[in-house]
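>>> here is my input; please provide its structure:
(chains A and B)
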Amino acid sequence: MIKNIIKKKILSSYNSLSKNIELKIEDIDISQPKQILHGDYATNLCMKFSSSIKLNPMTFAEELSKKIINDHGEFFNNVDFVKPGFINFKVKESVLNDCLLKIYKNKNIYGSGDKKKKKILVEFVSANPTGLLHLGHLRNAAVGDSLSRILRFYGYDVQSEYYINDFGNQIKNLGESLKIRIKNINGESLKISEDGYHGEYLIDVANQFINNKKNYKLDDEDVLQDFAKDYLLAEIKKDLNQININFDNWFSEKDCIHSNGNLDKALELLRKLDLLYEKDGALWIKTSQHGDVDDWVLVKSDKNPTYFLSDIAYHLDKISRGFDRIINIWGADHHSHVTRLTSSIKGINDEDSLKLEFVMIQFVRLLKNGLDISMSKRSGQYTTIRDLLSLVDKDVIRFMMVSRSSDTHFDFDLDNCLKDSDENPVFYIQYANARINSILKKGCSIDLNDIETVFLEDIKELSLIKKIIDFEYVIEDSAKNLSPHKLAFYLQDLAKDFHSYYKTTKILNNEINETKIKLILISTIKSVLSTGLGLLGVSSPEEM
RNA sequence: GCGCCACUAGCUCAGCUGGAUAGAGCAACGGACUUCUAAUCCGUAGGUCGGGGGUUCGAAUCCCUCGUGGCGUACCA
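Numbering: from 1, shown residues only, chains lettered A, B, ... in the order given. Just a heads-up that it's a prediction; the model follows:
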């Protein structure tokens, strides 16, 4: 809002200088200086365009800044030009106050973007239904869900989707492993094969199977597979639900790809485009023609399709559903699949390949007492989400998992998260929210509806208003860069500024008008905090 | 070998679509509770942005190169 207003003012002043180059509003960048003495906002316009305008940056900045302050004195307190050619803006206090009041009156929707009329599909987690979700899936889940929420809030029509790999070798192995567990319970001493599933959870599944399927026989593979898959999928949903994640779509590979003839359709399409060839009895795709270093097998010499063929068919299905953008959130261990898939789609339709976007999630390690406990010693399996939930609050888990850039490795330190103090940023933010709530409750008899103007001039209050104004840009930044961690950092900043303000300023005091205005300020902060936390899937308790 | 990601304060990390004196939290040190929640605040200290080159008015940011670590590199999924 405010940045756009500034851009327009710069542009109108620039235009009246009649230079040889025409500037567009997109050419103007507004940044926020780190140093307070540089003002509230700044632009590098004069350095950026000095050469094309054929003026020394400082001369240009001097001319333009003088013109701006002359034209728009009602908006700016001050417009400075400084070396090496920045123009710094100090916005009038009344402008900031007007912003605050406007935001307060729209606080329920503040920060949300205009409707974009674009559909986005965000696919994430998509763990095989052959076991419980573990640490490796957790960061993916948190990032995917937060991102979906942020993009939706920013104005996109977003659908979240979980792709269920319920077809192929893994499921076959699952069924066989279950069979052995059932036989074990019945007294047969058999061992699960090396590529089977050794986790103890299958013992539970086996017991359930025995109880639910009276007179069962173990010769029907499908029955065993389906039972195990359905059981584990239900457990996965349960765990996701625990951390506040609910998918819009659950997409079954078996039902929506294999049973629908989508594999053949994909092959037919690829064949028509001359992207296939046979070698050594297998069917290959010419991905190397469209950016990959290698070609890949789609149908093995034993005539079974590879996973990659299903993946292509799946993405063709996504595309056919009319999404403008298709975002895949994948573990970094799958990064080699990115080129493979985009090359395939590029071969089919280059424009479609542009719709594919990827967020790669680097590994998380779980630390306790400085030691890596990602892998449970007892079972040799990764720590499950369920195990983690028994140790750490779900809000802390959700927040911590999006508190770092996705493409950096992340050590999740349990010791810090178990403390209810400074080291735990989630409590810090929630505490700010709770503190505000406490004041609002105490002052609930005060009517704020009759306030028509606010006038705050304390430096802390003004910088809080600016911080609130930032929220809109943080959402934009997070959405455009697919980076929920930017929001996480912002919320910590805002909470910090509030705590500091709280310490030095009495909100409820004898001066009723002043109290009202301060209440408007903190109530807006509370609203931003809880909106922001909500976008990260974190709750905002009213009391702590 | 090749590819992807990372390397910034003691630790964990922001900043990377080039901008002003490189930031935050924790840890360390020193302060603040007759106060709307001290789960808080204020202050001090802490840096060769992995090394080296280049690009330009300007590089943590872009390019090249080397090093270190993680992850990939299937007719598995």
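
>>> can you pull the contacts of A:K107?
Residues counted as contacts of A:K107 (Cβ atoms under 8 Å, 6 or more residues apart in numbering) are A:523-524, A:527-528. To be clear about C-beta, it is placed using only N, CA and C from the backbone, and glycine gets the same treatment.

>>> mind checking how far stretch A:521-539 is from the chain centre?
Centre-to-centre, stretch A:521-539 and its host chain are 16 Å apart (Cα atoms, centre = their mean, to the nearest Å).

>>> hmm, that stretch in reach of RNA strand B?
No - judged by Cβ under 7 Å from any atom of the strand, stretch A:521-539 and RNA strand B are separated, with a smallest distance of 8.6 Å.

>>> buried residues in that stretch?
Buried positions in stretch A:521-539, judged by neighbour count with 16 or more other Cβ atoms under 10 Å: A:521-533, A:535-539.

>>> equivalent analysis for stretch A:359-375, please.
A:359-362, A:364, A:366-367, A:374.

>>> in helices, which of the buried residues of stretch A:521-539 appear?
Per DSSP state H, helices hold the following members of those: A:521-533, A:535.

>>> show me where the stretch 401-544 of chain A has its helices.
According to DSSP state H, counting those that start in this stretch, the stretch 401-544 of chain A carries its helices in the segments A:414-417, A:425-442, A:459-480, A:484-504, A:512-535.

>>> can you name the residues of the stretch 101-250 of chain A sitting close to RNA strand B?
Within the stretch 101-250 of chain A, the positions lying close to RNA strand B (Cβ under 7 Å from any atom of the strand) are A:128, A:165, A:167-170.

>>> can you flag the buried ones in the residues you listed?
A:128, A:165, A:167-168, A:170.

>>> stretch A:40-57 near RNA strand B at all?
Yes - shown here: stretch A:40-57 in contact with RNA strand B (Cβ under 7 Å from any atom of the strand) through A:42, A:44, A:47-48, A:51.

>>> and the buried ones among the residues of the stretch 101-250 of chain A next to RNA strand B, which two are furthest apart?
Using Cβ to Cβ, the two most remote members of those are A:N128 and A:F167, lying 10.3 Å apart.

>>> just to revisit the earlier point, quick check, nearest of the ones in helices among the buried residues of stretch A:521-539 to RNA strand B?
Nearest to RNA strand B, judged by Cβ to the nearest atom of the strand, of these is A:I522 at 8.6 Å.

>>> so what are the domain limits for chain A?
When chain A is parsed with automatic domain parsing, its domains come out as A:2-91, A:97-115+A:422-535, A:169-242, A:366-417.

>>> distance to A:F124 and mean pLDDT added to those, as a markdown table?
A markdown table is the format used below for these (distance: least, Cβ to Cβ, whole Å; pLDDT from 0 to 100):
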| stretch | distance to A:F124 | mean pLDDT |
| --- | --- | --- |
| domain A:2-91 | 32 | 90 |
| domain A:97-115+A:422-535 | 11 | 93 |
| domain A:169-242 | 10 | 91 |
| domain A:366-417 | 11 | 84 |
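
>>> quickly find the element holding A:R149.
Counting by DSSP states H and E, the element that carries A:R149 is helix A:135-154.

>>> buried residues in that helix?
By neighbour count on 16+ other Cβ under 10 Å, the buried set for helix A:135-154 is A:135-154.
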